[in-house]
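K.L.:
dropping a prediction and its sequence here:
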Amino acid sequence: MIRVVLADDHAVVRRGLTGLIESTDDLVVVGVAKDGSEAVALVREHRPDVAVMDLQMPVLDGVEATRAIVSEQLGTEVLVLTSFSDHARIDAAIEAGAVGYLLKDAEPEVLLDGIRAVARGESPLDPRAARRLISRASPARTDVGLHELSPRETEVLRLVVSGLLNKQIASRLGITERTVKAHLTSVYQRIGVADRTQAALWAERHDLGA
């Protein structure tokens, strides 16, 4: 069973999501929070596989709650579920450590599949959010090929494309998280990008898949 904590400040949404998730055979809700502070407390208590996080909530918003959960390395991945698809919100959530970003008007099955995808280590992203990320990404250098990256840099970049976070990459490769960051910094400089989203887009344009 995939264990889930829900966080949303609207009671109707909380009840609806709980009913939807509990209607499946492979997902179970282990905690429901009405604000970010409660979400962090529930994740600490239950250590769920996935936290489904709204962004705009009282006491502690979803971005800060996500940052707190990720920083404590509790083994819980965060899937944002929100009404907002603007650049600033998407960037803030991903920077805080969210591994998926879906919108509330998505079909129920899209959300359920998104939770399962996050539990598998994937990064579901609403197409509208993806377009906004792509449209705001600054042009990367086109005169750099994969041959200019070291084998380890290429390996790290391939895992970034797969949606893994730095700590997950470190675990997969048997290196420290600091070493992963050092490799990524080198990659950014070589290909002329500013962050992991732009690096992933560059890699996809150069057919660097998982």
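P.N.:
On my side now, so go ahead.

K.L.:
and the helices in this structure, which stretches?
P.N.:
11-22, 36-46, 62-71, 87-96, 108-119, 127-136, 151-161, 166-173, 177-191, 196-205 (DSSP state H).

K.L.:
ranking the ones you listed by burial, who's on top?
P.N.:
helix 62-71 (a mean of 23; mean count of other Cβ atoms under 10 Å). Placement of C-beta: from N, CA and C, glycine included.

K.L.:
give me the residues contacting it.
P.N.:
For helix 62-71, contacts defined as Cβ atoms under 8 Å, 6 or more residues apart in numbering pick out 7, 36-37, 39-40, 43, 51, 53-57, 60, 76, 78, 80, 82, 89, 92-93, 96-98, 165.

K.L.:
quick revisit: to residue 28, which of the helices of the chain lies closest?
P.N.:
Nearest to residue 28, of all the helices of the chain, is helix 11-22, at 6.9 Å by Cβ to Cβ.

K.L.:
now the closest one and helix 108-119, what's the angle there?
P.N.:
Helix 11-22 and helix 108-119 are oriented at 70 degrees to each other (axes from the mean of the first three to the mean of the last three Cα atoms, to 10 degrees).

K.L.:
chain center to helix 11-22: distance?
P.N.:
Distance of helix 11-22 from its chain centroid, counting by Cα atoms, centre = their mean, to the nearest Å, is 22 Å.

K.L.:
how does this protein divide up, domain by domain?
P.N.:
2-135, 146-205 (automatic domain parsing).

K.L.:
let's have these in a markdown table, adding mean pLDDT.
P.N.:
Output for those, formatted as a markdown table (pLDDT from 0 to 100):
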| stretch | mean pLDDT |
| --- | --- |
| domain 2-135 | 91 |
| domain 146-205 | 84 |
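
K.L.:
burial count for residue 100?
P.N.:
Using other Cβ atoms under 10 Å, residue 100 has 25 neighbouring residues.

K.L.:
I'd like the numbering to begin with 166 instead of 1 from here.
P.N.:
All set: I'll call the first residue 166, so the last point we hit is now residue 265.

K.L.:
ok, residues contacting stretch 254-266?
P.N.:
218, 220, 227-229, 231-232, 234-236, 242-245, 247, 279, 282-283, 287-291, 294, 297-298, 328, 330, 362.

K.L.:
tell me how far the residue nearest the centre of the chain lies from residue 333.
P.N.:
Against the mean C-alpha coordinate of the chain, by Cα atoms, centre = their mean, the closest residue is residue 264 at 1.0 Å. Distance, residue 264 to residue 333, by Cβ to Cβ, to the nearest Å: 9 Å.

K.L.:
and if you look at residue 266?
P.N.:
Counting by Cβ to Cβ, the gap from residue 266 to residue 333 is 17 Å.

K.L.:
kindly report the same for residue 237.
P.N.:
Counting by Cβ to Cβ - residue 237 and residue 333 are separated by 15 Å.

K.L.:
check residue 231 too.
P.N.:
Distance from residue 231 to residue 333, by Cβ to Cβ: 16 Å.

K.L.:
repeat for residue 207
P.N.:
23 Å.

K.L.:
could you pull up the residues touching residue 250?
P.N.:
268, 291, 293, 294, 297.

K.L.:
how does it look with 6 Å?
P.N.:
268, 293, 294 (Cβ atoms under 6 Å, 6 or more residues apart in numbering).
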